[in-house]
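Q: Structure for this input, please:
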Amino acid sequence: MNLFVQAIYLSSGLSLAYIFFLYRSNPLRRLPGSRVTISFVVGMIAVIPVILIKQLVQLPEGSSLFTSFVSAGMIEEGVKFALMALTIWRFSFPDLAEPLDFAIYFGILGVGFGIYEDFSYLFSGTYSVWQTGDIGQFHRALQVLVTARAFPGHILFDSLAGFLLGRARFLTDWRVKGGWIAGAFILAVALHGSFNMIAMYGGSIPLLTYVAVLVGAFLHLRRRALEHSPFRATIAYVKGETSDWQYQHKPAEYLFAEGFFWPGKPKGGMYELFPLTLSLVILYPLLVATVYLLERATILLTRL
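A: Sure thing, here's the model as predicted:
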């Protein structure tokens, strides 16, 4: 039990900083905590259908290319996209007001998936050493696994795909919308599979370079999204700097949207961190335990 709990908190610690920076990546607004929590929990729950599909389909042993892009990329991203369609896609205004919102929500869904994956690797990878009682070997194994899992993966795949999905979400032509959604899925699978291939054959430096490129792409898309943000346009409209308005909702609706604090600033400090910290400290271990038990039950049922 001690190893189980330790793995839980180590895996949550690896992703807490990523959640924090993604949540704060919009300087104009803080997204509603309830929707952020839903996205995170849905990401964790996505583990269960992924395990079920892999157990039922019994994919053939293939090359690392097949494993990276099909077994991992297509199946995992397919499940995440399906659950996204049932949750984030259905969020209404003002919870979902611009493409950047979608990128943040979907990125946090990716964190939920990845944070459980981190726990699974840490727990299973150190369990046999833990049983032998060799503390020195255990800490060496744990250090290697923590270092390997420190690279952000799912959060980058899904937040980048989220920009394309966010663009699709606010389009009216379903043919164009479908093209953007397909492009987002292909992008997520390509990024996921490439990450796995580099991790297997490239080593730490190429993987770090790849992650840096993805972070740069995220920052570039974030900057462009902020330039076209309806909240930035609302500020300019209220200040009288422009009379042009081309967004779906009226300026007053954006002005009073939850989390938009202009002319002040989004609340920070303990007010912002306390709910997230509380959920990770108290609720997250219970959620991990629940998903873990469901995953074990899923595997046992598919073997009957």
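
Q: Identify the residues contacting the residue positioned nearest the centre of the chain.
A: Compute the mean C-alpha point of the chain, and by C-alpha atoms, centre = their mean the closest residue is residue 110, 2.2 Å away. Each residue near residue 110 by C-beta atoms under 8 Å, 6 or more residues apart in numbering is listed here: 43, 80, 154, 155, 156, 157, 158, 159. Every C-beta, even on glycine, is put in place using the N, C-alpha and C of the backbone.

Q: Pick the one among those closest to residue 217.
A: Among the contacts of residue 110, residue 156 lies closest to residue 217 (C-beta to C-beta), at 8.4 Å.

Q: Run a quick neighbour tally on that closest one.
A: Residue neighbour count, defined by other C-beta atoms under 10 Å, stands at 26 for residue 156.

Q: hang on, isn't residue 198 packed against residue 208?
A: No: using C-beta atoms under 8 Å, residue 198 is not in contact with residue 208; the gap is 9.7 Å.

Q: For these two, indicate the residue with more neighbours.
A: Ranked by neighbour count (other C-beta under 10 Å), residue 198 and residue 208 place residue 198 first, with 19 against 13.

Q: Name the helix or strand for the more buried one, please.
A: Residue 198 belongs to helix 174-201 when elements are defined using DSSP states H and E.

Q: what about that helix, average pLDDT?
A: Mean pLDDT, computed over helix 174-201, is 92.

Q: mind listing what's buried in that helix?
A: Using 16 or more other C-beta atoms under 10 Å as the test for burial, helix 174-201 gives 177, 180-181, 184-185, 187-189, 191-199.

Q: got it, and stretch 213-221?
A: So, applying 16+ other C-beta under 10 Å, buried residues of stretch 213-221: 214, 218, 221.

Q: pLDDT below threshold where in the stretch 51-200 of the chain?
A: Within the stretch 51-200 of the chain, the stretches with pLDDT under 70 are 58-63, 116-151.

Q: Give the next helix or strand downstream of the helix holding residue 198.
A: Using DSSP H and E, the first helix or strand after helix 174-201 is helix 204-227.

Q: roughly how far is that next one from the heart of the chain?
A: 15 Å (C-alpha atoms, centre = their mean, to the nearest Å).

Q: Touching it from outside, list them.
A: 25-28, 98-100, 103, 151-152, 156, 159-160, 163, 166, 191, 194-195, 198-199, 202, 232.

Q: Please report how far the residue nearest to residue 68 when sequence neighbours are not counted lies from residue 29.
A: Once flanking residues are discounted, residue 68 sits nearest to residue 196: 3.8 Å by C-beta to C-beta, 6 or more residues apart in numbering. Distance, residue 196 to residue 29, by C-beta to C-beta, to the nearest Å: 34 Å.

Q: do the same with residue 195
A: From residue 195 over to residue 29 the distance is 30 Å, taken as C-beta to C-beta.

Q: likewise residue 46?
A: Distance from residue 46 to residue 29, by C-beta to C-beta: 26 Å.

Q: Of these two, which one has the most company?
A: More crowded of residue 46 and residue 29, by other C-beta under 10 Å: residue 46, with 26 against 22.

Q: is it true that the more buried one touches residue 114?
A: No: assessed by C-beta under 8 Å, residue 46 is found out of contact with residue 114, at 10.3 Å.

Q: thinking again about what came up before, what's the angle from the helix holding residue 198 to helix 204-227?
A: 160 degrees (axes from the mean of the first three to the mean of the last three C-alpha atoms, to 10 degrees).
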